[in-house]
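In: Take a look and give me a structure for this.
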Amino acid sequence: MKGAAADPTWRGGEISERASCVLCPNPGPMTLDGTNTWVVGEPGSSEVAIIDPGPLDEGHLAAVLDAVAQSGRRVALTLLTHHHLDHAESADRFHELTGAPVRAFGSGHDDVRPGEVIDVGGLEILAVETPGHTADSFSFVLPADNTILTGDTILGRGTTVVAWPDGHLESYLESLSRIEGLTQAGTVTSLLPGHGPYVADAAATVSFYLKHRAERLDQVRSALAAGDSTAREVVERVYADVPQEVWPAAELSVQAQLEYLREHD
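Out: Numbering: from 1, shown residues only. I've put the predicted structure just below:
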């Protein structure tokens, strides 16, 4: 779950010659240090893409535009990893400010397609369907950097919520396995998450996520065997080590886990 203490060392900034983060000042139990707005572009190009402009915060949008202007480039495209407000609320306003199109999965207009290679000023961005956290979650691979922008599918710290009923655990496990396949193929070696710091070891992080989900399912099975019958009861037992302020989100994940167990056990 999100909810771990914020890492005071993460403030965003340049990660590689192709990717930098403008950190939104919206820290909290569910957003960690804040939302990471990623600016990605090919060295020497006059164009960049923005991944997740964030909530409707005029100061943050101005900071993103200032970072782009200081690099001498312009925003050519905005991509959304999913529809949650802390990632996508400002999309329409950012379009007004930049004139750049906004693309997402299932948005009804110019939708991103699974496996699509998007070119922005010579930078290739591979769209990878990764539902589970939400039904419309997408990740974006930068093959030139061997990195993947994961939105909320994988975080820079802690684990994420399967936001039932829109989120779906079986789909989420399949998405983690899809990313694991990219790490095994060498296509992806690092992660640029939607919250929390840059992750240098993608393979180890995906392995941890898969192991964590299996352990949580076993804990839910044990809770049911002990007589718990509601999602709230399971949360109180299984997530006792998690701050209570994130228990409502944990309850969504438990609902997704219960649904998974009904289908598979």
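
In: Number of residues surrounding residue 28?
Out: 16 (other Cβ atoms under 10 Å). In this view, the C-beta of every residue, glycine as well, is placed from N, C-alpha and C.

In: beta partners for it?
Out: The bridge-partner assignment for residue 28, based on DSSP bridges, gives residue 32.

In: what separates it from residue 163, distance-wise?
Out: Applying Cβ to Cβ, to the nearest Å, the value for residue 28 to residue 163 is 16 Å.

In: again with residue 189
Out: From residue 189 over to residue 163 (counting by Cβ to Cβ), the distance is 28 Å.

In: and those two? which has more neighbours close in?
Out: residue 163 (22 against 16).

In: Was I right to think the more buried one contacts residue 134?
Out: Yes - the criterion here is Cβ atoms under 8 Å, and residue 163 meets it with residue 134 at 5.7 Å.

In: pLDDT weak spots in the protein?
Out: 1-8, 107-109 (pLDDT under 70).

In: Can you pull up the most central residue in it?
Out: residue 151 (1.6 Å; Cα atoms, centre = their mean).

In: OK, contacts around that residue?
Out: 52, 81, 82, 87, 130, 133, 137, 138, 139, 193, 194 (Cβ atoms under 8 Å, 6 or more residues apart in numbering).

In: all strands of this protein, in order?
Out: Applying DSSP state E to the chain gives strands spanning 12-14, 19-23, 36-40, 47-51, 74-79, 102-103, 117-120, 123-129, 138-142, 147-151, 190-193.

In: ok, residues contacting the shortest one?
Out: If I follow you right, that is strand 102-103. By Cβ under 8 Å, 6+ apart, strand 102-103 touches 77, 78, 79, 80, 91, 92, 94, 95, 110, 111, 112, 118.

In: With the third one instead?
Out: Contacts made with strand 36-40 from outside it, assessed by Cβ under 8 Å, 6+ apart, are listed as 12, 18-24, 48-54, 60, 64, 67-68, 71, 120, 123, 125, 142, 149, 156, 192-196.

In: burial count for the residue lying closest to residue 125 once chain neighbours are set aside?
Out: Spatial nearest neighbour of residue 125, excluding adjacent residues (Cβ to Cβ, 6 or more residues apart in numbering): residue 118 at 4.4 Å. Using other Cβ under 10 Å, residue 118 has 16 other residues around it.

In: The one 5 residues further on now?
Out: For residue 123, the count of nearby residues is 22 (other Cβ under 10 Å).

In: The one 10 residues further on now?
Out: Residues near residue 133, counting by other Cβ under 10 Å, number 29.

In: Since that was my last question, I'll sign off now.
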